[in-house]
Each structure stands twice: as structure tokens, then as C-alpha cells.
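[1] no FASTA, just this:
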């Protein structure tokens with residue numbers, strides 16, 4: 001399985017920082033490889049300290065399941081098919097802001113997690129970050 005390179009991870013991170021700056025929103029951004037290992041991270045000036053762990057959790061969740069982090073909520077919510085799933089794998093974060101990173105061929109090579117804004121803002125920044133790799137590969 002291909003993995004995100006250091007250069008690619010930096011490109012993803014930079015795209016996320018650019019989008020967050022455009023929104024005037026200091027956030028934490030984590031990029032993980034396909035093995036759910038931290039590849040690169042930034043805590044923008046002024047970003048909430050407590051959000052650092054959440055950003056890493058979103059990226060890790062997305063890397064482990066190769067899904068947007070919020071997609072897992074349907075499985076683990078009360079009445080869902082896998083109630084309590086968020087307690088597995090050392091703890092998952094099942095709300096928006098974690099996104100798989102795909103290369104130009106559509107293969108997952110890592111994941112990005114963003115935290116520090118509203119859930120919708122985190123998701124928007126994560127989308128911009130994840131799209132940077134596919135756009136640069138074309």
C-alpha cells in the first residue's frame with residue numbers, strides 16, 4: 001500500500017494552513033500515514049491546546065478506517081450497528097474534520113485531521129488540505 005511521503009504530507013499541511021488563514025482561524029492540523037502514524041503536525045499560533053489531541057484523533061480515525069471521521073458516527077451512535085465503536089483502537093473521534101488523503105489514482109495514502117474551529121470549519125479545512133495532494137498529482 002503506498003504511503004504519503006514527507007514532501008506530500010507537507011503539501012497537505014500547507015494547504016490546510018492556507019485555508020485556515022483565509023478563514024482567520026487558528027487550528028491544529030495533523031497528517032497521518034496509512035499505518036495511522038503521525039507524519040507531520042502544526043499548531044497554528046493561537047490554536048487551542050486541547051484541540052491538538054482532537055486533530056490527531058480525527059486523522060488517526062480516518063487513517064484506520066479510510067473514511068471521513070464523521071462517517072463512523074452512524075455505526076457507533078446509540079442504536080447503531082456498532083454502538084461503542086468509538087471506544088475501540090485506543091479511542092476514535094467520530095465527528096467531522098478527519099479526511100482520507102488520496103493520490104491522483106484515488107488510492108488512500110494517509111489522512112488529515114483538523115481541530116480548533118466549529119465542526120463545519122474543521123471539515124472545510126480538512127477538505128482543502130486533502131484535496132491538495134490529488135490536485136498536485138494531476
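    Cool, got the structure. Just so it is clear, the structure is predicted and the values come from calculations on it, not from any experiment.
[2] Pairing partners for the biggest strand by length in the chain, with directions?
    If you go by DSSP state E, the chain has its longest strand at strand 108-115. Here strand 108-115 is paired, per DSSP bridges, with strand 28-33 (antiparallel), strand 98-102 (antiparallel).
[3] could those go into CSV alongside distance to residue 21 and mean pLDDT?
    C-beta: built from backbone N, CA, C; applies to glycine. As requested, the strands paired with strand 108-115 are exported to CSV (distance: least, Cβ to Cβ, whole Å; pLDDT from 0 to 100):
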stretch, distance to residue 21, mean pLDDT
strand 28-33, 11, 98
strand 98-102, 19, 96
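[4] I'd like the ones you listed written out as JSON lines, with mean neighbour count and distance to residue 71 added.
    Formatted as JSON lines, these follow (neighbours: other Cβ atoms under 10 Å; distance: least, Cβ to Cβ, whole Å):
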{"stretch": "strand 28-33", "mean neighbour count": "28", "distance to residue 71": "16"}
{"stretch": "strand 98-102", "mean neighbour count": "27", "distance to residue 71": "9"}
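[5] any chance of these in TSV, plus distance to residue 58?
    Listed next are the strands paired with strand 108-115 as TSV, based on distance: least, Cβ to Cβ, whole Å:
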stretch	distance to residue 58
strand 28-33	8
strand 98-102	3
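[6] Can you say which of the ones you listed is nearest to residue 63?
    With Cβ to Cβ as the criterion, residue 63 lies closest to strand 28-33 of the strands paired with strand 108-115, at 4.4 Å.
[7] So what touches that closest one?
    With contact meaning Cβ atoms under 8 Å, 6 or more residues apart in numbering, strand 28-33 is reached by 3-4, 9, 12-13, 16-17, 20, 38-44, 47-48, 51-52, 54-56, 58-60, 62-63, 101, 109-116, 125, 129.
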